[in-house]
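In: Got a predicted model here, sequence first, then my questions.
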Amino acid sequence: MADDLHAQARQALDRGDPDAARDLLAKAHAASPDDAEIRELYAGLLLAHAIHLATDARDARRRDIARRKIPYDEEFQDSPEVARAFDAALAAHDAVLAVETGHEKALMMKATLLFRRDRVTGREAALAILRGLEAAHPDHKQVTFLLKKVGTPCPRCTDTGFCPYCAGRGVRTILRFERVCEKCHSDGICPVCGVL
C-alpha cells in the first residue's frame, strides 16, 4: 500500500501538484513510517511548503508595515493576520521535524524564522536550536554563520531586520514618486542581517 501511495505521490509531483503529493505521502508515511525513501521525500515536500509559508509571513509583515505606515524606528506589534502567517510557518516547520526529528535544514530554518518573527524573544529560542546543531555538527559552516548572525545585533539596521533605506517598505519615495528600493531589491529587509 505504501509503495503504491509513494508511486502516486511521484506522479502528482510530475504533474506539478505538490499538495496532492504531500497528502499521498502523509498516508504512505503513516502506513510505513520506517521507509527511508518515503520519509525523505515527505520531509522534503513539507520543508518546501514551510519555506513558502515563511516567505509569505515575511511578505505579509512588509505589506502590513507599509499599509499601517509604521515609522522605521517605532516598536510595533504584528497584526493578527501577520501573527497567523508566522504561526502557520512555524507549524509547518514543526511538521517537518515530526517526520524527521534531526532534519538540519528544518532546524536552521525554524531558528531563523523564530528570530525573524521577534528578534527579542525569538533570539534565545533560535540560539538554543543553533547551539544544539553546533554541538551535533561542530564543523557545519552554515550553523556557525547563523550563530554569529543571530547572536550579534546588526549595526546596519539597529537589529530591526528591516531595510534602513526604505524603512522596510521595499519602496522609497523621492519627490513624491515611489521607486523600488535598490538596496534591498524591494524586499524591505536589511541587506546585512535581514536575510535571516
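Out: Thanks, I have the structure now. Numbering: from 1, shown residues only.
In: Low-confidence stretches in this structure?
Out: Across the chain, the ranges flagged by pLDDT under 70 are 194-196.
In: Let's see that with 80 instead.
Out: 70-75, 158-161, 168-169, 193-196 (pLDDT under 80).
In: Select the longest helix from it.
Out: helix 36-68 (DSSP state H).
In: next one: that helix to chain centre, how far?
Out: Centroid displacement of helix 36-68 relative to its chain, using C-alpha atoms, centre = their mean, to the nearest Å, is 6 Å.
In: Likewise for stretch 145-153?
Out: So, by C-alpha atoms, centre = their mean, the centroid of stretch 145-153 is 16 Å from its chain's centroid.
In: in it, what's buried?
Out: For stretch 145-153, the neighbour count (16 or more other C-beta atoms under 10 Å) marks L146, L147, K149, V150 as buried. Every C-beta, even on glycine, is put in place using the N, C-alpha and C of the backbone.
In: Which two of those residues have the greatest separation?
Out: Using C-beta to C-beta, the pair of the buried residues of stretch 145-153 lying farthest apart is L147 and K149, separated by 7.4 Å.
In: what sits against the most centrally placed residue in the chain?
Out: What sits nearest the mean C-alpha location of the chain, by C-alpha atoms, centre = their mean, is A54, with 3.7 Å. Residues near A54 by C-beta atoms under 8 Å, 6 or more residues apart in numbering: A89, A92, H93, M109, L113, R116.
In: Please give the element, helix or strand, for the last one.
Out: Taking DSSP states H and E as the criterion, R116 maps to helix 104-117.
In: Please tell me how far whatever helix or strand comes next after that helix is from the chain's geometric centre.
Out: Going down the chain from helix 104-117, the next helix or strand is helix 121-136, by DSSP H and E. Taking C-alpha atoms, centre = their mean, one finds helix 121-136 lying 15 Å from the centre of the chain it belongs to.
In: cool, stretch 186-196 as well?
Out: Taking C-alpha atoms, centre = their mean, one finds stretch 186-196 lying 13 Å from the centre of the chain it belongs to.
In: try stretch 28-35
Out: Centre to centre, stretch against its chain (C-alpha atoms, centre = their mean), the figure for stretch 28-35 is 26 Å.
In: Understood, closing this out.
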